[in-house]
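quick one: sequence and predicted model below, then my questions.
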Amino acid sequence: MATGKSTVGRLIADQCGRAYVDIDTEIERSTGRTVAELFAERGEAAFRALERAALGRVLDAGGPVVVSLGGGALVDRGTRLDALDRAVVVTLEATPEEIMLRAGDTTTRPLLAGTDARARVDELLLARRLTYAECHARVSTSGRSPEDVARDVLAVWRRDPIAVAAGEDSYSVEVGNDIAAERLPSLLRGASLGLLVTDRTVRDLHGDAVENAMEQAGVRTATVVLDPGEEHKNTASLERIWNGALVAGADRKSRFVALGGGVVSDVAGFAAATWMRGVSWLCVPTTLLSMVDAAVGGKTAIDLKTAKNAVGAFWQPSSVLCDVRHLSTEPTRGYVSALAEVVKTALIGDAALLDVVERSTAALLAKEPATVAEVVRRCVRVKARVVSLDPREQNIRAWLNLGHTVGHALEAYGGYGKLRHGEAISLGLVAALRIGERLGITDRALSDRCILSLRILGLPVDLSGQPLSRAVDLIGHDKKRAGSRLKFIAARAPGQVEIVDLDVRDLRAHVLALAS
């Protein structure tokens, strides 16, 4: 409350020529009662129900509108996640002292009336800190004009980021063309050091531009260059980053920048999680696979021999910049292999994405920027939604592992060199679909449709030539295993999957049946 939401909202609406909606005003109009009267007569719980309904009507109406919400409108997490998925949510912040100055006559404010107003403000800010943190951006209003605040909020809206709701570790993912150089300076401002972590290949292609952008932030910078490839996702690379941080004098206010594919983001993120017990990091993925998968969700790890991602930590980045311009330099094999993760994402949470892939295959393979940006946005949105609901893979985040159980086994058996990750996942998806049929969950028509899409995209789909009978032993290393049981993900329909608790021996039997 009293951070200027109504004033700023009207300014933005006027500047954009869009409709403006104040939820409190809408409630008063529909009920014929003031907010204070509704609180007094019906209580806060009833008012919040009216608030949720009013916001739902605005979101359902569609179209770009500017909406001002009451300070407690998004306390309910289900409502908050729905708003984050369907709109750009900006939290306006002010100090308690500023709020008290702006609040005026507190007797007109239901949550402050009849209390020690300052103590109540402190209490509300503490109680709602997670609510206010889960947003697309936080903008300070203390000591600033409404016009300056409106400018900053409008800039966020125009960037149209995707929010990953992770409590106080929430962050946004931005997708666009040539956005890294533009956004990096502001994202690094205030850091004591910017430590760029990249690999030798990406350093030669994009390192100079990113280093220049980092230097524009006015922070001291240093660079650590890793050897490229999954085989270098190990303790040696991790130690190289630690040593680079040590030599550069990185402290707890340093910010690591991961520039590269999934290997770089996994190792750099893990290094950030462990350096001085955790420093902030941001991710600039340069491959399609890292954009649609590895860069989002805060999973960081290294491989331990044949055990993929066996050692790691959940450590959310502070921001992710998916600059599709970087994909112009990605080799064809790596780019195409990542399309398996796109098909997987369509299966777990976006039925329309499967239509996009089928309709726009030629544009996707040609790396047409608008098509690629749409596909990346859709994939990030699905993953952000899943991660927001289950940040530490206690439940539905396991959906993201569709095709990975067999895929990881094949990838590990080949020493992470014979198959690219996406190629292994393509084969894993075929196995998951066929096993889903055997379990009575997956319809044969869905399997055939998805396998055809994978084949047309240029991905491997033939299991008969794969060493399933030998790779099957590595399923026991799957990190989703608990004792002799394993969470297997099966597809029921486009955009709909389910978790099946299987005995590892039964799963092995299903896999071996596919090999025969």
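Right, received. Where do you want to start?

where in the chain is pLDDT low?
416, 476-483 (pLDDT under 70).

can you list the domain ranges for the protein.
5-159, 171-330, 389-515 (automatic domain parsing).

okay if I get these as a markdown table plus distance to E358 and mean neighbour count?
Bear in mind the C-beta positions are built from the backbone N, C-alpha and C, glycine included. Shown next, in a markdown table, are these (distance: least, CB to CB, whole Å; neighbours: other CB atoms under 10 Å):
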| stretch | distance to E358 | mean neighbour count |
| --- | --- | --- |
| domain 5-159 | 24 | 16 |
| domain 171-330 | 17 | 21 |
| domain 389-515 | 6 | 19 |
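
would you turn those domains into a markdown table with distance to A346?
Shown next, in a markdown table, are the domains of the chain (distance: least, CB to CB, whole Å):
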| stretch | distance to A346 |
| --- | --- |
| domain 5-159 | 17 |
| domain 171-330 | 11 |
| domain 389-515 | 6 |
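
nearest to K383, out of the ones you listed?
Among the domains of the chain, domain 171-330 comes nearest to K383, with 4.9 Å by CB to CB.

what about the closest one, distance to the chain center?
15 Å (CA atoms, centre = their mean, to the nearest Å).

could you do stretch 430-449 as well?
28 Å.

coming back round to it: looking at the domains of the chain, which is closest to G349?
Nearest to G349 among the domains of the chain is domain 389-515; the distance by CB to CB comes to 5.7 Å.

three-state assignment of the residue of the chain most remote from its centre?
For the chain, the C-alpha farthest from the mean C-alpha position belongs to G114; by CA atoms, centre = their mean, that distance is 42.4 Å. Under DSSP: H, G, I helix; E, B strand; the rest coil, G114 falls in the coil class.

V343: which of the domains of the chain is closest?
Closest to V343 of the domains of the chain, according to CB to CB: domain 389-515, at 5.8 Å.

wait, N177 sits on P369?
Yes - using CB atoms under 8 Å, N177 is in contact with P369, at 5.2 Å.

anything in contact with each of those two?
324-325 (CB atoms under 8 Å, 6 or more residues apart in numbering).

rewinding a little: out of the domains of the chain, the one nearest V342 is which?
domain 171-330 (5.9 Å).

now the end-to-end length of that closest one.
26 Å (CA to CA, to the nearest Å).

do stretch 216-229 as well
Span of stretch 216-229 from end to end, CA to CA: 30 Å.

longest helix in the chain, by residue count?
The longest helix of the chain (DSSP state H) is helix 369-389.

using CSV, write out every CA atom in it.
This file holds the C-alpha atoms of helix 369-389, laid out as CSV (Å, rounded to 0.1, in the frame of the first residue of the first chain):
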residue,chain,number,x,y,z
PRO,A,369,14.5,-15.6,-35.6
ALA,A,370,10.8,-14.9,-34.9
THR,A,371,9.9,-18.6,-35.0
VAL,A,372,12.8,-19.6,-32.8
ALA,A,373,12.0,-16.8,-30.3
GLU,A,374,8.4,-18.0,-30.1
VAL,A,375,9.4,-21.6,-29.6
VAL,A,376,12.0,-20.6,-26.9
ARG,A,377,9.4,-18.4,-25.1
ARG,A,378,6.9,-21.2,-25.1
CYS,A,379,9.4,-23.7,-23.7
VAL,A,380,10.7,-21.3,-21.0
ARG,A,381,7.1,-20.5,-20.0
VAL,A,382,6.3,-24.2,-19.5
LYS,A,383,9.5,-24.8,-17.5
ALA,A,384,9.0,-21.6,-15.5
ARG,A,385,5.5,-22.7,-14.6
VAL,A,386,6.6,-26.2,-13.5
VAL,A,387,9.6,-24.9,-11.6
SER,A,388,7.5,-22.3,-9.8
LEU,A,389,5.2,-25.0,-8.6
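
and it, what's buried?
Buried residues in helix 369-389, defined by neighbour count with 16 or more other CB atoms under 10 Å: 369, 371-389.

ok so, going back, find the residue closest to the residue farthest from the centre of the chain in space, skipping its chain neighbours.
The shortest distance from G114 to any non-neighbouring residue, by CB to CB, 6 or more residues apart in numbering, is to T107 (7.8 Å).

mind checking the domains of the chain for the one nearest to V357?
Nearest of the domains of the chain (CB to CB): domain 389-515, 6.0 Å.

what's the offset of the closest one from the middle of its chain?
23 Å.

how about R378, what does it touch?
345, 350, 352-353, 356.

rerun at 6 Å
R378 makes contact with 350, 353 under the criterion CB atoms under 6 Å, 6 or more residues apart in numbering.

ok, now how distant is it from I441?
24 Å (CB to CB, to the nearest Å).

do V66 as well
In terms of CB to CB, V66 sits 44 Å off from I441.

my guess is the residue nearest to G114 contacts T115. True?
No - if you go by CB atoms under 6 Å, T107 and T115 don't touch, sitting 10.3 Å apart.

just the C-alphas of stretch 83-93, formatted as PDB.
In PDB, the C-alpha atoms belonging to stretch 83-93 read as follows (Å, rounded to 0.1, in the frame of the first residue of the first chain):
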ATOM      1  CA  ALA A  83      -1.100 -13.700 -12.700                       C
ATOM      2  CA  LEU A  84       2.600 -14.300 -13.400                       C
ATOM      3  CA  ASP A  85       1.800 -16.700 -16.200                       C
ATOM      4  CA  ARG A  86      -0.800 -14.400 -17.800                       C
ATOM      5  CA  ALA A  87       0.600 -10.900 -17.200                       C
ATOM      6  CA  VAL A  88       3.700  -8.900 -16.400                       C
ATOM      7  CA  VAL A  89       3.700  -8.300 -12.600                       C
ATOM      8  CA  VAL A  90       5.800  -5.500 -11.200                       C
ATOM      9  CA  THR A  91       6.100  -4.900  -7.400                       C
ATOM     10  CA  LEU A  92       6.400  -1.200  -6.400                       C
ATOM     11  CA  GLU A  93       8.600  -0.900  -3.300                       C
END
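
off-centre distance for it?
On CA atoms, centre = their mean, the centre of stretch 83-93 falls 15 Å from that of its chain.

likewise stretch 359-374?
Relative to the centre of its chain, stretch 359-374 is centred 21 Å away, using CA atoms, centre = their mean.
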